[in-house]
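Novice: Return atomic coordinates for the entry below.
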Amino acid sequence: MTPASLIGSARRVTVKVGSSLLVGQGQDRSQWLKSLAADLAELTGEGKAVIIVSSGAVALGRSRANLSKSRRLDAKQAAAAIGQPLLMQAWQSAFAESGKVTAQLLLTIGDTESRRRWRNARSTLDMLHRNGAIPIVNENDSVATEELRYGDNDRLSARIAQMAGADLLILLSDVDGLYEADPRRNPSAKHRDVVETIDEGLIASAGDAPAAGLGTGGMRTKLEAARIAQGFGCSTLIASGVGDHPIAALLSGQARATVIRAQGSPVNAYKAWIAGSLAPAGKLVVDQGAVSALLQGRSLLPSGCHQADGDFAQGSAVTVVDPNGAEVARGIIRYGAAEARAILGRKASEIPTILGYSRGDELIHRDDLVLS
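Specialist: Coordinates of the predicted model:
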């Protein structure tokens, strides 16, 4: 399995771009950023959903405001607050030639660890993709605390890939993958083209030093991110982003990378999580017509449901039972208990009138549902 084949077959791609690539060491990187944006726009033109996880806010903020490189949290937060608008301006300018709309998402660790907030963020990503926008995600460093933060965007990118159901995570670095030793210290070190298993020994051998002075993560954090991705069925490419058009170089075979193979698929991992890892917070009783629709792979609509038990919130796991009480499915519901009861048995077109808003036509979308 080559980098080109992985990119070619992927439907959803998350790309992480580090501070050292965006800001450089006193160099103008705007042309490089435009080349990367052109590559990613090309992927979206092929029908792929692309998410960018971008570092650089702190580095840009420090440069603009002449802030010191203090390790104090409030200094980092101030730099992030100054630099985040600059970072988005850079991305918007880079995508201007392709006509692509960019969108900013600033997340904290609670957004991927809280099931409800995770679901809300996932819904936002889905809506952006449906409307042709490219999400630019970063950790909200202006409010995140040392105790409650990802710490580096490698790990954040893995969590975002999981949230989006990505089947490929690309970690762009200042080296073209994993070596058996540090290639900057040992030029004869052998490149690892493929990694099947990431164990503690491999992570320990990667060391702790950041790949470049501006970043917070090195090869160790990239392997930790890849292990997270591997666990939910997402392959990872660790590749160099130093040169122009880094994605096109991978597709043409002119650049190499380390491939870390997925185990399973994102869809299967997500379904397994719903089926076995979540404790149901409520129960929906549906009619026989809805049962037949679910067995055919369709979503659960309000019209087929006539009873909702439990005090569940939007984004909770619920069981779906037939008129005799037999469990048919489990899924993540889009509406809270009071909302669900208000629209039971009603047509999807009536939801905005009844509630004053809509979270979608389905009580449970088929992507968030697994048959029992």
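Novice: And the lengthiest helix in the chain, what does it pack against?
Specialist: Identified as the longest helix of the chain according to DSSP state H is helix 73-95. Helix 73-95 is packed against helix 30-45, strand 49-54, helix 57-65, strand 101-107, strand 133-139, with contacts defined by 3 or more C-beta pairs under 8 Å, 6 or more residues apart in numbering; DSSP states H and E. No exception for glycine: its C-beta is placed from N, CA and C like everyone else's.
Novice: need these in a markdown table with mean neighbour count, distance to Leu6 and mean pLDDT, can you?
Specialist: Formatted as a markdown table, these follow (neighbours: other C-beta atoms under 10 Å; distance: least, C-beta to C-beta, whole Å; pLDDT from 0 to 100):
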| stretch | mean neighbour count | distance to Leu6 | mean pLDDT |
| --- | --- | --- | --- |
| helix 30-45 | 18 | 12 | 96 |
| strand 49-54 | 24 | 14 | 97 |
| helix 57-65 | 21 | 29 | 84 |
| strand 101-107 | 17 | 25 | 94 |
| strand 133-139 | 22 | 20 | 94 |
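Novice: coming back round to it: I'd like to check the angle between the longest helix of the chain and strand 133-139, please.
Specialist: 160 degrees (axes from the mean of the first three to the mean of the last three C-alpha atoms, to 10 degrees).
Novice: Where do the strands of the stretch 251-372 of the chain begin and end?
Specialist: Here the stretch 251-372 of the chain has its strands, by DSSP state E, counting those that start in this stretch, at 257-260, 282-286, 305-309, 317-321, 327-332, 369-371.
Novice: my bad, should have said the stretch 101-250 of the chain
Specialist: 101-107, 133-139, 168-173, 178-179, 191-192, 194-195, 235-240.
Novice: neighbouring contacts of the third one?
Specialist: Contacts made with strand 168-173 from outside it, assessed by C-beta atoms under 8 Å, 6 or more residues apart in numbering, are listed as 6-7, 10, 12-18, 21, 154, 157-158, 161, 211, 219, 222, 225-226, 229, 234-241, 246-247.
Novice: Give me the buried subset of these.
Specialist: Neighbour-count burial (16 or more other C-beta atoms under 10 Å) is assigned, among these, to 6-7, 10, 12-18, 21, 154, 157-158, 161, 211, 219, 222, 225-226, 229, 234-241, 246-247.
Novice: Leu355 contacts Ala340, correct?
Specialist: No: in this structure, Leu355 is not within contact of Ala340 by C-beta atoms under 8 Å, at 10.2 Å.
Novice: deepest of the strands of the stretch 251-372 of the chain, which one?
Specialist: With neighbours taken as mean count of other C-beta atoms under 10 Å, these reach their highest mean count in strand 257-260, at a mean of 26.
Novice: OK, contacts around Gln88?
Specialist: For residue 88 the amino acid is Met, not Gln. Here Met88 is in contact with Thr102, Gln104, Ile136 (C-beta under 8 Å, 6+ apart).
Novice: List the contacts of the last one.
Specialist: Taking C-beta under 8 Å, 6+ apart as the definition of contact, the neighbours of Ile136 are Ile52, Ser54, Leu87, Met88, Trp91, Thr102, Ala103, Gln104, Leu105.
Novice: Roughly how far does the nearest residue to the second one once chain neighbours are set aside sit from Ala225?
Specialist: In this case it means Ser54. In this structure, Ser54 finds its nearest non-sequential neighbour in Val17, 5.0 Å apart by C-beta to C-beta, 6 or more residues apart in numbering. Noted for Val17: a distance of 13 Å to Ala225, by C-beta to C-beta, to the nearest Å.
Novice: Thanks again, I'm all set now.
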